[in-house]
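A.B. asks: quick one, what's the 3D model for this:
(one chain, ligands or ions: 1)
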Amino acid sequence: MDFYDVVRSRRSIRGYKDASIPDEVIERISEAVNLAPSACNMQPWQFRIIFNEELRTKICANYSQPWLKEAPAIVVALGDSENCWKRPQEGTPIVDIDLAIAMEHLVLAAASEGLGTCWICAYDRARMDKALGIKPPWSVLAISPLGYPAVPARDIERKDVSETVVVVK
Ligand SMILES: Cc1cc2nc3c(=O)[nH]c(=O)nc-3n(C[C@H](O)[C@H](O)[C@H](O)COP(=O)(O)O)c2cc1C
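C.D. replies: Residues are numbered from 1 along each chain as shown. Okay, the predicted model is just below:
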(Lines give C-alpha, C1' and ligand atoms only; values in the text may rest on other atoms or scores of the structure.)
Protein backbone atom coordinates (compact mmCIF):
# COMPACT_ATOMS: atom_id res chain seq x y z
CA MET A 1 0.00 0.00 0.00
CA ASP A 2 1.11 3.53 -0.74
CA PHE A 3 2.21 5.36 2.43
CA TYR A 4 -0.59 7.95 2.21
CA ASP A 5 -3.19 5.21 1.66
CA VAL A 6 -1.94 3.56 4.85
CA VAL A 7 -2.15 6.83 6.76
CA ARG A 8 -5.65 7.54 5.41
CA SER A 9 -7.02 4.05 6.02
CA ARG A 10 -5.64 3.53 9.53
CA ARG A 11 -8.26 3.80 12.26
CA SER A 12 -8.45 2.67 15.84
CA ILE A 13 -10.05 -0.77 15.71
CA ARG A 14 -12.27 -1.95 18.54
CA GLY A 15 -13.38 -5.40 17.38
CA TYR A 16 -11.22 -8.33 16.21
CA LYS A 17 -11.49 -11.61 14.29
CA ASP A 18 -10.25 -14.81 15.85
CA ALA A 19 -7.64 -15.24 13.09
CA SER A 20 -3.96 -15.95 13.57
CA ILE A 21 -1.22 -13.59 12.40
CA PRO A 22 1.58 -15.11 10.26
CA ASP A 23 5.08 -15.04 11.80
CA GLU A 24 6.53 -13.16 8.81
CA VAL A 25 4.02 -10.34 9.37
CA ILE A 26 5.12 -10.06 13.01
CA GLU A 27 8.75 -9.98 11.83
CA ARG A 28 8.10 -7.11 9.40
CA ILE A 29 6.22 -5.12 12.03
CA SER A 30 9.02 -5.73 14.55
CA GLU A 31 11.56 -4.42 12.03
CA ALA A 32 9.45 -1.27 11.55
CA VAL A 33 9.51 -0.67 15.33
CA ASN A 34 13.25 -1.20 15.47
CA LEU A 35 13.82 1.37 12.69
CA ALA A 36 12.04 4.16 14.58
CA PRO A 37 14.12 7.22 15.42
CA SER A 38 14.82 8.13 19.04
CA ALA A 39 16.74 10.86 20.83
CA CYS A 40 20.47 10.04 20.58
CA ASN A 41 19.35 6.72 19.06
CA MET A 42 18.90 5.31 22.57
CA GLN A 43 15.77 3.27 21.72
CA PRO A 44 14.52 3.33 25.33
CA TRP A 45 11.71 0.88 24.65
CA GLN A 46 10.83 -2.76 24.49
CA PHE A 47 7.75 -3.87 22.62
CA ARG A 48 6.30 -7.17 23.74
CA ILE A 49 3.86 -8.77 21.32
CA ILE A 50 1.94 -11.06 23.62
CA PHE A 51 0.12 -14.10 22.25
CA ASN A 52 0.30 -15.96 25.57
CA GLU A 53 -3.22 -16.52 26.94
CA GLU A 54 -2.30 -16.17 30.61
CA LEU A 55 -0.52 -12.86 30.09
CA ARG A 56 -3.30 -11.50 27.86
CA THR A 57 -5.79 -12.30 30.62
CA LYS A 58 -3.67 -10.34 33.12
CA ILE A 59 -3.51 -7.36 30.75
CA CYS A 60 -7.25 -7.45 30.03
CA ALA A 61 -7.99 -7.55 33.78
CA ASN A 62 -6.46 -4.07 33.92
CA TYR A 63 -8.45 -2.55 31.05
CA SER A 64 -12.18 -1.86 31.09
CA GLN A 65 -13.14 -2.53 27.47
CA PRO A 66 -14.15 -6.09 26.48
CA TRP A 67 -12.93 -5.92 22.85
CA LEU A 68 -9.30 -6.07 23.95
CA LYS A 69 -9.85 -9.78 24.73
CA GLU A 70 -10.86 -10.48 21.12
CA ALA A 71 -7.45 -9.72 19.63
CA PRO A 72 -5.09 -12.67 19.15
CA ALA A 73 -2.19 -10.51 20.35
CA ILE A 74 -1.69 -7.55 22.63
CA VAL A 75 1.25 -5.18 22.18
CA VAL A 76 2.79 -3.98 25.44
CA ALA A 77 5.03 -0.95 24.91
CA LEU A 78 7.54 -0.61 27.73
CA GLY A 79 9.54 2.58 28.19
CA ASP A 80 12.74 3.06 30.20
CA SER A 81 12.64 6.49 31.88
CA GLU A 82 16.22 6.20 33.16
CA ASN A 83 18.23 5.02 30.15
CA CYS A 84 16.85 7.55 27.73
CA TRP A 85 17.88 10.99 26.60
CA LYS A 86 16.90 13.76 29.04
CA ARG A 87 16.40 17.42 28.27
CA PRO A 88 19.63 18.98 29.59
CA GLN A 89 18.07 22.10 31.11
CA GLU A 90 15.14 20.38 32.84
CA GLY A 91 16.41 16.82 33.20
CA THR A 92 13.03 15.51 32.01
CA PRO A 93 13.12 12.14 30.25
CA ILE A 94 12.12 12.08 26.59
CA VAL A 95 10.95 8.47 26.73
CA ASP A 96 7.26 9.27 26.05
CA ILE A 97 8.12 10.91 22.73
CA ASP A 98 10.54 8.16 21.71
CA LEU A 99 8.08 5.45 22.56
CA ALA A 100 5.20 7.20 20.78
CA ILE A 101 7.19 7.31 17.56
CA ALA A 102 8.08 3.63 17.76
CA MET A 103 4.49 2.72 18.66
CA GLU A 104 3.19 4.66 15.66
CA HIS A 105 5.70 2.83 13.42
CA LEU A 106 4.10 -0.36 14.71
CA VAL A 107 0.58 0.98 14.19
CA LEU A 108 1.25 2.07 10.59
CA ALA A 109 3.17 -1.10 9.72
CA ALA A 110 0.26 -3.12 11.11
CA ALA A 111 -2.21 -1.07 9.03
CA SER A 112 -0.15 -1.71 5.89
CA GLU A 113 -0.42 -5.45 6.66
CA GLY A 114 -4.22 -5.21 6.99
CA LEU A 115 -4.03 -5.52 10.77
CA GLY A 116 -5.91 -3.39 13.26
CA THR A 117 -4.56 -1.70 16.36
CA CYS A 118 -5.83 0.77 18.94
CA TRP A 119 -3.58 2.83 21.13
CA ILE A 120 -4.61 2.31 24.76
CA CYS A 121 -3.40 4.45 27.65
CA ALA A 122 -6.55 4.54 29.79
CA TYR A 123 -5.43 2.06 32.42
CA ASP A 124 -3.86 2.32 35.86
CA ARG A 125 -0.17 2.22 35.00
CA ALA A 126 1.05 1.16 38.45
CA ARG A 127 -1.42 -1.75 38.45
CA MET A 128 -0.55 -2.79 34.90
CA ASP A 129 3.18 -2.71 35.72
CA LYS A 130 2.59 -4.82 38.81
CA ALA A 131 0.39 -7.34 37.00
CA LEU A 132 3.11 -7.88 34.38
CA GLY A 133 6.04 -7.77 36.81
CA ILE A 134 7.49 -4.60 35.27
CA LYS A 135 9.78 -2.67 37.61
CA PRO A 136 11.22 0.87 37.48
CA PRO A 137 12.76 2.42 35.47
CA TRP A 138 10.59 0.42 33.06
CA SER A 139 6.86 1.01 32.79
CA VAL A 140 3.99 0.05 30.47
CA LEU A 141 3.47 3.36 28.65
CA ALA A 142 0.89 2.09 26.14
CA ILE A 143 -0.75 -1.09 24.96
CA SER A 144 -2.63 -2.06 21.81
CA PRO A 145 -4.60 -5.01 20.52
CA LEU A 146 -3.18 -6.50 17.33
CA GLY A 147 -5.32 -8.54 14.99
CA TYR A 148 -7.50 -8.60 11.89
CA PRO A 149 -10.41 -6.14 12.17
CA ALA A 150 -13.90 -7.57 12.66
CA VAL A 151 -15.50 -4.12 12.48
CA PRO A 152 -15.33 -1.47 9.76
CA ALA A 153 -13.13 1.58 10.18
CA ARG A 154 -15.16 4.39 11.74
CA ASP A 155 -15.47 7.72 9.99
CA ILE A 156 -13.90 10.34 12.17
CA GLU A 157 -13.80 14.11 12.14
CA ARG A 158 -10.51 15.95 12.17
CA LYS A 159 -9.79 19.62 12.69
CA ASP A 160 -9.15 21.52 9.51
CA VAL A 161 -5.54 21.01 8.49
CA SER A 162 -5.08 24.80 8.48
CA GLU A 163 -5.62 24.69 12.26
CA THR A 164 -3.16 21.90 12.97
CA VAL A 165 -0.41 22.64 10.46
CA VAL A 166 0.76 26.15 9.75
CA VAL A 167 3.10 26.63 6.84
CA VAL A 168 5.27 29.67 7.30
CA LYS A 169 7.19 30.85 4.23
C1 LIG B 1 -1.92 8.32 23.20
C2 LIG B 1 -3.27 7.72 22.85
C3 LIG B 1 -4.01 7.09 23.83
C4 LIG B 1 -5.23 6.49 23.51
N5 LIG B 1 -5.90 5.78 24.47
C6 LIG B 1 -7.04 5.14 24.13
C7 LIG B 1 -7.69 4.30 25.08
O8 LIG B 1 -7.26 4.14 26.21
N9 LIG B 1 -8.82 3.65 24.68
C10 LIG B 1 -9.33 3.78 23.42
O11 LIG B 1 -10.35 3.15 23.11
N12 LIG B 1 -8.71 4.56 22.48
C13 LIG B 1 -7.60 5.23 22.82
N14 LIG B 1 -6.93 5.99 21.87
C15 LIG B 1 -7.46 6.06 20.49
C16 LIG B 1 -8.07 7.43 20.19
O17 LIG B 1 -9.31 7.54 20.79
C18 LIG B 1 -8.17 7.57 18.64
O19 LIG B 1 -6.88 7.53 18.08
C20 LIG B 1 -8.84 8.89 18.23
O21 LIG B 1 -10.17 8.93 18.67
C22 LIG B 1 -8.82 9.06 16.71
O23 LIG B 1 -9.44 7.96 16.08
P24 LIG B 1 -8.65 7.08 15.00
O25 LIG B 1 -7.46 6.47 15.70
O26 LIG B 1 -9.65 6.01 14.58
O27 LIG B 1 -8.24 7.94 13.86
C28 LIG B 1 -5.73 6.59 22.18
C29 LIG B 1 -4.95 7.23 21.21
C30 LIG B 1 -3.74 7.78 21.53
C31 LIG B 1 -2.91 8.41 20.43
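A.B. asks: all contacts plus neighbour counts: C-alpha atoms, from now on.
C.D. replies: Will do.
A.B. asks: my guess is Arg11 contacts Glu157. True?
C.D. replies: No. Between Arg11 and Glu157 there is no contact under C-alpha atoms under 8 Å: 11.7 Å.
A.B. asks: shaky segments in the protein?
C.D. replies: For the chain, applying pLDDT under 70 flags no range at all.
A.B. asks: that one: strands as residue ranges?
C.D. replies: Applying DSSP state E to the chain gives strands spanning 45-50, 73-80, 116-117, 138-147.
A.B. asks: most packed of these?
C.D. replies: Burial of the strands of the chain is given as mean neighbour count (mean count of other C-alpha atoms under 10 Å); strand 116-117 ranks first at a mean of 28.
A.B. asks: of the strands of the chain, which is nearest Asn34?
C.D. replies: Closest of these to Asn34 is strand 45-50, at 9.4 Å (criterion: C-alpha to C-alpha).
A.B. asks: who does the closest one touch, helix- and strand-wise?
C.D. replies: Packing partners of strand 45-50 (3 or more C-alpha pairs under 8 Å, 6 or more residues apart in numbering; DSSP states H and E): strand 73-80, helix 95-112.
A.B. asks: kindly report the residues of this protein close to the ligand.
C.D. replies: 11-12, 118-122 (C-alpha under 6 Å from any ligand atom).
A.B. asks: if we use 5 Å, what do you get?
C.D. replies: Within the chain, the positions adjacent to the ligand are 11-12, 119-122 by C-alpha under 5 Å from any ligand atom.
A.B. asks: compare those residues and tell me which is most surrounded.
C.D. replies: For those, the largest neighbour count, defined by other C-alpha atoms under 10 Å, is 19 neighbours, found at Arg11.
A.B. asks: identify the residues contacting that residue.
C.D. replies: 116-118, 153-154 (C-alpha atoms under 8 Å, 6 or more residues apart in numbering).
A.B. asks: show the backbone phi and psi for it.
C.D. replies: Backbone geometry at Arg11, expressed as degrees, to the nearest 10, gives phi -140, psi 160.
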